[in-house]
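S.K.: A predicted structure for the sequence below; I have some questions about it.
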Amino acid sequence: MKLSSPTQGISSLLSLQHLTVKVGEKTILHDLSMDFAPGSFHVILGPNGSGKSTLASFLAGHPDYVAATDSQVTFGGQNLLSLSADQRSRAGLFLAFQQPVMVPGLRVLNFLWLTYQRRFSDAATRPQKTIVAFRDYLKTLAVDLDLKPELIDRGLHEGFSGGEKKRLEVLQLMVLQPKLAILDEIDSGLDVDALKLTAAALHRLQNEIGTTILLITHHQQIVRTFKPDQVRVLIQGKLVASGDMNLLEQIEAEGFNSFKTLATEVS
Ligand code: ADP
Ligand code: MG
């Protein structure tokens, strides 16, 4: 099934300018400046504890993470910092969590139908008009992701394997068609075949919907599967390198060690 939606005519969907983020008194992210063009595919790589999940949670609007006063973040031309977490999600920002939450009483179908109706709030232009039609649509998407269609009728993440949870996150992405999809460690729990399926689904969103993808991981081995346009390295909350796939060769040859010195020099 073909996905369809207009892409945006702006040069930068998400723009971070001198972003410094604190939790209480502790500074976790230091002076980050990055631009994400609409429809581009980005990877942020870094060892554990470098602030990757903090960046993802901060962008999604987690209240514990606070930007310093001179930080600027725009999303689709709007000041992201003035939007609540709910407004961000309705504006098209989606975060797939590192650890998806299990909600046994809530059926996947009902959960997705609710989020779908919120995302596409105008019932007249919404492609799927009824929950019955929506269920059929979900089943088609599930087959494309090699996800058992009967999981749609189960409780959210209830009895799901690690790989099934991640595929459901991707299914949710296909349903919500966000402008920006942030995937935090989507690779954990996925085998090589599932990784390839996920990569194909993300490229489909990128190409058919114009979704900007931000994949966050500490595994440089998986990055080639996703063929990103841009690769950045985050260490100790600092952006220490930025480039294309060629940057991977340096990481593959030297690990993160060569960048650690840079993180100290930047500070
Ligand atoms: P990564 O995802 O790259 O492994 P995190 O963003 O989870 O890194 O963590 C980066 C640093 O920020 C760690 O030192 C972590 O302990 C700290 N940190 C993250 N969230 C909080 C929090 N809510 N309170 C205190 N420290 C935090
Ligand atoms: Mg993390």
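M.R.: Noted; the coordinates are in hand. Ligands and ions are numbered 1, 2, ... in the order given.
S.K.: specify the local secondary structure of L81.
M.R.: helix (DSSP: H, G, I helix; E, B strand; the rest coil).
S.K.: ok, it touching A67?
M.R.: Yes - between L81 and A67 there is a contact under C-beta atoms under 8 Å: 5.9 Å. In this view, the C-beta of every residue, glycine as well, is placed from N, C-alpha and C.
S.K.: so what sits against both of those two?
M.R.: Common contact partners of L81 and A67 (C-beta atoms under 8 Å, 6 or more residues apart in numbering): V73.
S.K.: neighbour count for these two, which is higher?
M.R.: A67 (18 against 15; other C-beta atoms under 10 Å).
S.K.: from V73, how far off is that one?
M.R.: For A67, the distance to V73 equals 7 Å [C-beta to C-beta, to the nearest Å].
S.K.: can you pull the residues that touch both of these two?
M.R.: Counting by C-beta under 8 Å, 6+ apart, the contacts common to A67 and V73 are 19, 81.
S.K.: quick check: closest non-adjacent residue to N110.
M.R.: Spatial nearest neighbour of N110, chain neighbours left out: I131 (8.0 Å); criterion: C-beta to C-beta, 6 or more residues apart in numbering.
S.K.: any idea how many residues pack against the closest residue to M174 other than its chain neighbours?
M.R.: Distances taken as C-beta to C-beta, 6+ apart put L141 closest to M174, at 5.1 Å, once the chain neighbours are dropped. Residues contacting L141 under the criterion other C-beta under 10 Å number 22.
S.K.: before we move on, what SS does L141 have?
M.R.: Secondary structure, three-state DSSP: L141 is helix.
S.K.: low-confidence ranges in the stretch 1-150 of the chain?
M.R.: For the stretch 1-150 of the chain, applying pLDDT under 70 flags the ranges 1-10, 97-102.
S.K.: would you mind listing what in it touches ligand 2?
M.R.: Contact residues, the stretch 1-150 of the chain versus ligand 2 (C-beta under 5 Å from the ion): 52-53.
S.K.: do you know how far the residue nearest to N110 is from L247?
M.R.: Taking C-beta to C-beta, one finds I131 at 46 Å from L247.
S.K.: which one of those two has more residues nearby?
M.R.: More crowded of I131 and L247, by other C-beta under 10 Å: L247, with 20 against 15.
S.K.: the more buried one contacts A253, doesn't it?
M.R.: No - taking C-beta under 8 Å as the definition, L247 is not a contact partner of A253, at 11.0 Å.
S.K.: I'd like to know how many residues surround the closest residue to ligand 2 within the chain.
M.R.: The nearest approach of the chain to ligand 2 comes at S53, 3.2 Å away (C-beta to the ion). For S53, the count of nearby residues is 19 (other C-beta under 10 Å).
S.K.: chain center to the helix or strand where it lies, what's the gap?
M.R.: Assigned by DSSP states H and E, S53 belongs to helix 52-60. With C-alpha atoms, centre = their mean, to the nearest Å as the basis, helix 52-60 stands 10 Å off its chain's centre.
S.K.: other SSEs contacting the very next helix or strand once past it?
M.R.: Moving toward the C-terminus from helix 52-60, the next helix or strand (DSSP H and E) is strand 65-67. Identification of packing neighbours for strand 65-67 by 3 or more C-beta pairs under 8 Å, 6 or more residues apart in numbering; DSSP states H and E yields strand 14-23, helix 52-60.
S.K.: most tightly surrounded among the ones you listed?
M.R.: Stretch with highest mean neighbour count among these: helix 52-60 (a mean of 22; mean count of other C-beta atoms under 10 Å).
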